[in-house]
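**Student:** next come a sequence and a model predicted from it.
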Amino acid sequence: MPRMDTSKHTDPNSLFKYGSIRASKGFTLIEIALTTGIVSFALVAIMGLLSTGLVAFRGAIDRSVGAQIAQKVVNDSEQTDFTTFAAGGGSQVFCKSVRYFDGQGNELPSLAGATYYVNTRVSIAATMPATGGVSTANPNLAMVTIQVADNPGGGQLALGAPNSLCQGLWTGAFQSQPLALGVVPIATYCTYISRNK
């Protein structure tokens, strides 16, 4: 039986070389701790930005859906006969019935499940600036103000005071609470609609 050569294991130089090669291939506990600390610090900063980003993303979606809803209401108003559209019971400023939409901008028959509430105020015989600074009321022109309220809670919104600039418009507050306790985000859009025929 051949004898095993153990001389290479007993040589102090060979042990030193073997140990130094092994030490260069791994990480020390201090290096791992420092790396974990740096990665943890970065993750905490990213997690802090995540909630801010989600709030901004939700706001962008709300504005986008609100603009689509307002465009739908404008299109519906333009397609309606002007005499029918401008019939407000003899009043110059009046509101159409409130319309309800879900979170994707689809119209609902009632307020059940509604996220967006739409208020449409019509001012008939609207005035537009004319040349020379004199503006006159035009019976063939109506100013339409559309308010889109992000109101998933379904609270009853308060209207502005009669005979004021805010007549028929939502103030953003709930009827049963002061303004400071309940404020609903409302986007307001205005357009003019004229008689076609």
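**Tutor:** Right, received. Where do you want to start? Residues are numbered from 1 along each chain as shown.
**Student:** next structured bit after the helix or strand bottoming out on mean pLDDT in the chain?
**Tutor:** Sorted by mean pLDDT, DSSP states H and E, the helices and strands of the chain end with helix 12-24, the least confident at a mean of 52. Later in the chain than helix 12-24, the nearest helix or strand by DSSP states H and E is helix 29-79.
**Student:** report the mean per-residue pLDDT for that following helix.
**Tutor:** The average pLDDT for helix 29-79 rounds to 90.
**Student:** so how far is it from its chain's centroid?
**Tutor:** How far helix 29-79 lies from its chain's middle: 10 Å, per C-alpha atoms, centre = their mean, to the nearest Å.
**Student:** which strands and helices sit next to that helix?
**Tutor:** For helix 29-79, the elements it packs on are strand 99-101, strand 116-124, strand 141-150, strand 186-194, judged by 3 or more C-beta pairs under 8 Å, 6 or more residues apart in numbering; DSSP states H and E. For glycine as for every other residue, the C-beta is placed from the backbone atoms N, C-alpha and C.
**Student:** same thing but at 10 Å, please
**Tutor:** Contacts defined by 3 or more C-beta pairs under 10 Å, 6 or more residues apart in numbering; DSSP states H and E place helix 29-79 against helix 82-85, strand 99-101, strand 107-108, strand 116-124, strand 141-150, strand 186-194.
**Student:** list the contacts of the residue nearest to Thr120 when sequence neighbours are not counted.
**Tutor:** Distances taken as C-beta to C-beta, 6 or more residues apart in numbering place Lys96 nearest to Thr120, at 4.2 Å, with adjacent residues excluded. Counting by C-beta atoms under 10 Å, 6 or more residues apart in numbering, Lys96 touches 73, 76-77, 85, 88, 118-122, 144, 146, 168.
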